[in-house]
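Engineer: sequence unknown, structure follows:
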């Protein structure tokens, strides 16, 4: 940062820190729960990330009106950086945060002190700032993941072999792919997240969290490799909740629900307010219930099936109490109520979710699809189900939910092709219309991309001619 960008005359907006990065309070999914999550990471995760966590904690504390606490966290960030003997550029975000916060509090002398430190750092800290942005956006929720991805990409352009930058980029790609999965059977070679996780692990073969994420990406294609990665991660970090939670997910997806539950329950003792852990435990009991019903060994209304359903409901409720913004957990809770024939508790959850304007397109699509399934099978109301499936399909995000919405529309249409042929024709016409729009938009994007490439080539040839 050049010195002429930083003055003490109210130009603090040019400082590089969370206070100036245009992070809206509403963009943070779980503002209340972030402090405990980050303090758990400070307790269990590598020290090289602690300064970043303290900077985020300072920002969150400010948003919560606790500015004295924010200053304490910034002091901890500065202390960690000094202890770790980091390059001057690594101090830039912490110094900028101090300057901004002191100005906000009217501590003008302290503000001038930290502005001076920012100026002394000077140029050359761009990659460190971009990486700090990446980690900060990554830890504050899904709405900021695209910005995290962009920031890590910029950081890696400057330092392609940085372990921290590669790890951060791998994690954000993994999370973005998990948010929008068309098919869980995507091969690792076709997954940017899987390739980047392998790159990160090659740079740091000891990173247990990267190991379990890579294992999840390989799980359906290389059982031996994925299991080895999980066991290696657990051997290195058997008491780290951030590792155990993904290992528990791995074993649940492997249909080893008992093993998964043991791990998740142990992790919950160390992180008793982790909504993720309770959600995964709920999914384990949910899977056990489904397995019982489909195996034919247990009747749908048997005590064992009811007990598994009741446990999943209890754990899903705990999840949404800890993290009310967890849309998927709310949907799972509604589905569990429906399976337990508590329709009067399930439907209000769906109706509230589909009217929530804060949801992302992917979340809204998911809610419309699952509400449609609920109406179709539990309410036996095809008319309202069609309405929900159409709303889901209109959202042009290529996911499993969109595919399911299309399949259900076709199923209802086929079912109505006899006596109620007009409604079947309406569904077919709707699908054709949306698909035609998709093709036109895809062609428009392709043409725009080609024109952009052509323009860049022309510009390059012009420069070469000059």
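Structural biologist: Yep, that arrived. Predicted model, so just to flag it, every value in this text is computed and none were measured.

Engineer: Pull the number of nearby residues for residue 176.
Structural biologist: 17 (other C-beta atoms under 10 Å). Any C-beta I mention is one placed from the backbone N, CA and C, and that applies to glycine too.

Engineer: If we ignore the residues flanking it in sequence, what's nearest it?
Structural biologist: Counting by C-beta to C-beta, 6 or more residues apart in numbering, residue 176 lies nearest to residue 145, which is 5.4 Å off, once chain neighbours are set aside.

Engineer: Kindly report the same for residue 371.
Structural biologist: Per C-beta to C-beta, 6+ apart, closest to residue 371 is residue 350, 4.0 Å.

Engineer: State the helix or strand in which that neighbour lies.
Structural biologist: Using DSSP states H and E, residue 350 sits in helix 343-354.

Engineer: What helices and strands are in contact with that helix?
Structural biologist: helix 327-339, helix 361-377 (3 or more C-beta pairs under 8 Å, 6 or more residues apart in numbering; DSSP states H and E).

Engineer: please redo it, this time with the cut-off set to 10 Å
Structural biologist: helix 327-339, helix 361-377, helix 382-394 (3 or more C-beta pairs under 10 Å, 6 or more residues apart in numbering; DSSP states H and E).

Engineer: so for the longest one, what's the average pLDDT?
Structural biologist: Put plainly, it is helix 361-377. For helix 361-377, mean pLDDT is 97.

Engineer: Same question for the last one.
Structural biologist: Along helix 382-394, the predicted local confidence has a mean pLDDT of 97.

Engineer: buried set for it?
Structural biologist: 382, 385, 386, 388, 389, 390, 391, 392, 393 (16 or more other C-beta atoms under 10 Å).

Engineer: who does that helix touch, helix- and strand-wise?
Structural biologist: Against helix 382-394 (3+ C-beta pairs under 10 Å, 6+ apart) you get helix 343-354, helix 361-377, helix 400-415, helix 421-465.

Engineer: the inter-axis angle of that helix versus helix 400-415?
Structural biologist: Angle, helix 382-394 to helix 400-415, by axes from the mean of the first three to the mean of the last three C-alpha atoms, to 10 degrees: 140 degrees.

Engineer: now helix 382-394 against helix 343-354, angle please.
Structural biologist: Using the same axes, to 10 degrees, helix 382-394 lies at 30 degrees relative to helix 343-354.

Engineer: got the angle between helix 382-394 and helix 361-377?
Structural biologist: Using the same axes, to 10 degrees, helix 382-394 lies at 160 degrees relative to helix 361-377.

Engineer: which ones are touching residue 234?
Structural biologist: Taking C-beta atoms under 10 Å, 6 or more residues apart in numbering, we find residue 234 in contact with 208, 211, 212, 240, 243, 244, 247, 250, 263.

Engineer: give me that answer again for 7 Å
Structural biologist: residue 247 (C-beta atoms under 7 Å, 6 or more residues apart in numbering).

Engineer: Nearest to residue 111, out of the helices and strands packed on helix 382-394?
Structural biologist: Closest to residue 111 of the helices and strands packed on helix 382-394 is helix 361-377 (C-beta to C-beta; 40.4 Å).

Engineer: Could you list the buried residues of that closest one?
Structural biologist: 362-376.

Engineer: now do stretch 333-341
Structural biologist: 333, 334, 335, 336, 337, 338, 339, 340.

Engineer: Can I get the residues you listed in JSON lines including pLDDT and distance to residue 355?
Structural biologist: Putting the buried residues of stretch 333-341 into JSON lines (pLDDT from 0 to 100; distance: C-beta to C-beta, whole Å) gives the following:
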{"residue": "333", "pLDDT": "98", "distance to residue 355": "17"}
{"residue": "334", "pLDDT": "98", "distance to residue 355": "14"}
{"residue": "335", "pLDDT": "97", "distance to residue 355": "19"}
{"residue": "336", "pLDDT": "96", "distance to residue 355": "21"}
{"residue": "337", "pLDDT": "96", "distance to residue 355": "18"}
{"residue": "338", "pLDDT": "95", "distance to residue 355": "19"}
{"residue": "339", "pLDDT": "91", "distance to residue 355": "24"}
{"residue": "340", "pLDDT": "92", "distance to residue 355": "24"}
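
Engineer: so which of the helices and strands packed on helix 343-354 gets nearest residue 13?
Structural biologist: Comparing the helices and strands packed on helix 343-354 by C-beta to C-beta, helix 361-377 comes nearest, at 30.4 Å.

Engineer: distance between the closest one and the chain's centre?
Structural biologist: 20 Å (C-alpha atoms, centre = their mean, to the nearest Å).

Engineer: Counting by contacts, list what it packs against.
Structural biologist: helix 327-339, helix 343-354, helix 382-394, helix 400-415 (3 or more C-beta pairs under 7 Å, 6 or more residues apart in numbering; DSSP states H and E).

Engineer: Closest one of the buried residues of helix 361-377 to residue 19?
Structural biologist: Nearest to residue 19 among the buried residues of helix 361-377, with distances taken as C-beta to C-beta, is residue 363, at 28.0 Å.

Engineer: these two touch, right, the closest one and residue 326?
Structural biologist: No - if you go by C-beta atoms under 7 Å, residue 363 and residue 326 don't touch, sitting 10.1 Å apart.

Engineer: any idea how far residue 201 is from residue 215?
Structural biologist: 10 Å (C-beta to C-beta, to the nearest Å).
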